[in-house]
Each structure stands twice: as structure tokens, then as C-alpha cells.
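S.K.: What would the 3D arrangement of this be:
(2 chains)
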Amino acid sequence: GAGVSQSPSNKVTEKGKDVELRCDPISGHTALYWYRQSLGQGLEFLIYFQGNSAPDKSGLPSDRFSAERTGGSVSTLTIQRTQQEDSAVYLCASRDSLQHYGYTFGSGTRLTVV
Amino acid sequence: DQQVKQNSPSLSVQEGRISILNCDYTNSMFDYFLWYKKYPAEGPTFLISISSIKDKNEDGRFTVFLNKSAKHLSLHIVPSQPGDSAVYFCAASSGGYQKVTFGTGTKLQVIP
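M.R.: So this is what the prediction gives:
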């Protein structure tokens, strides 16, 4: 597709359940990022994938969070045993290695943990 | 530790006037700065950027100014239009584009 696609757009889950959020980056983009925006907060970095290199996981808030990027394309962010503080908009972005004008973001997944 | 700070959560400006959005940073290693614009229910979109070797970059109605000694940058929108109403995020990176650190955003309202 022309842009970064994220699914689902909205997800409501019960506390303690696991959730998976999906990101389809722009075809050919080698870099993929996950951020989240909690209510009233800025964009918080979670994880970064660049080609075949080991991902930068320095932003993951706990070991309940994990992410994969299969075949250098689609990425899945998994949150295990969700907590209410995990409620946020999760944003995925991708970038071409030659691009010097910032990321292209998807529309995000709004996660609500009840 | 908030390395990129936008101290004004909101700003209201009359249509046709200048909007000035401010941003401060603490990490002296940052060498590339960006502004993003975000409408509700959409992802942020890139607006304008500036390298630390410059002190000004202009793109149409949008100009970004960088004051390295003060660790401060600002985005000027002239003239402001109602369609500019959005949340504006300041962002910074160092040593390439591996990871960008974002501020908390400023909500701009342009009043017709």
C-alpha cells in the first residue's frame, strides 16, 4: 500500500488478556518503529527495527511487551497480561534508509484495557 | 527524563496572525530536529526539519529556527490558517535517524 497500515484501529481488551497489534510498513522501508502515546503524554519510543540488525528494544516498558518483524516487513507488537496503564494509542512508523525527512506514521491502534 | 520539552500544552491564534511554537531540549548530542503535525485519529505527519549546522529552515508558511547555545527551537507559521489547527510535536535525534525523541506536543487552535 501507499502508507503505513495498522490493525486493528481500535482494541478493547480485558485486564490480564494478551493482545497483538499489527503494522504493515511502506514496501521497501528498511526501518520500522513502534511508539505509544498515552493520554496527555508525548510519543514514547518503544522499539526500533533496522534491516537484519538486532532491534533496539530500549524503550519497551516491561517484559510483558515484545515485538517481532518477520521477513523485514510486517511487525507485530505483543502485550501480555495487559494492565490498565497499557491503554494508549500505539503508533507504528517506517522509514527508507535514504529518507532524511522523518518517519511515515500509521494512524495507530487505540488500545483500551478495561 | 524529558529530553525534549514543549512547555506550552496549547496555543490559540487568530487567523492570519503568526503562530510561534517553542521547544527546548537538554541533550547536546542531538543534531537533527523535526516538527510533526497531528490531527485527531491520524498518525503524526512530518512537517519540517533542521540540521544542527543551520539556524533557520523555511518551507512556505513554515519556518523553523534553531538556537544551539540556548538548546531551543521554534516553529513559526505565517500566516496561520484554520487548517493549521492540530497538535504539533517537536522531535530530535542524534547520529542519524535511528531513534527520534518526541516532545509532549502543543495543541494549536487557529481561530477564524
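
S.K.: so which helix or strand takes in A:Ala93?
M.R.: Per DSSP states H and E, A:Ala93 falls inside strand A:88-95.

S.K.: Next secondary structure after that strand?
M.R.: As assigned by DSSP H and E, the chain's next helix or strand after strand A:88-95 is strand A:104-105.

S.K.: Closest residue of chain A to chain B?
M.R.: A:Phe105 (3.1 Å; Cβ to the nearest Cβ). For the C-beta atoms, the positions are set from N, CA and C on the backbone; glycine is no exception.

S.K.: For the residue nearest to that residue when sequence neighbours are not counted, which three-state class applies?
M.R.: Distance criterion Cβ to Cβ, 6 or more residues apart in numbering or on different chains; nearest residue to A:Phe105, sequence neighbours excluded, is B:Gly43 at 3.1 Å. What DSSP: H, G, I helix; E, B strand; the rest coil gives for B:Gly43 is coil.

S.K.: B:Gly43: what's it in contact with?
M.R.: Applying Cβ atoms under 8 Å, 6 or more residues apart in numbering or on different chains to B:Gly43 gives the contacts A:Val4, A:Leu91, A:Ala93, A:Phe105, A:Gly106, A:Ser107, A:Gly108.

S.K.: Of these, which is the nearest to B:Leu108?
M.R.: Nearest to B:Leu108 among the contacts of B:Gly43, counting by Cβ to Cβ, is A:Phe105 at 18.5 Å.

S.K.: what's around that closest one, how many residues?
M.R.: Residues near A:Phe105, counting by other Cβ atoms under 10 Å in any protein chain shown, number 23.

S.K.: ok, it touching B:Pro44?
M.R.: Yes - using Cβ atoms under 8 Å, A:Phe105 is in contact with B:Pro44, at 5.0 Å.

S.K.: Overlap of the contact sets of these two?
M.R.: A:Leu91, B:Tyr36.

S.K.: hang on, B:Glu58 in a helix?
M.R.: No - secondary structure of B:Glu58 (three-state DSSP): strand, not part of a helix.

S.K.: Distance check, the residue lying closest to it once chain neighbours are set aside against B:Asp31.
M.R.: Excluding its sequence neighbours, the residue lying closest to B:Glu58 (Cβ to Cβ, 6+ apart) is B:Val64, at 8.0 Å. B:Val64 sits 14 Å away from B:Asp31, taking Cβ to Cβ, to the nearest Å as the criterion.

S.K.: Show me the shaky parts of chain B.
M.R.: Low-confidence segments of chain B (pLDDT under 70): B:1, B:96-98.

S.K.: Residues of it that sit close to chain A?
M.R.: By Cβ under 8 Å from any Cβ of the partner chain, the residues of chain B that approach chain A are B:2, B:4, B:6, B:34, B:36, B:41-46, B:49, B:89, B:91, B:97-105.

S.K.: Show me which of those are buried.
M.R.: B:4, B:6, B:34, B:36, B:43-44, B:46, B:49, B:89, B:91, B:97, B:99-105 (16 or more other Cβ atoms under 10 Å in any protein chain shown).

S.K.: Lovely, talk soon.
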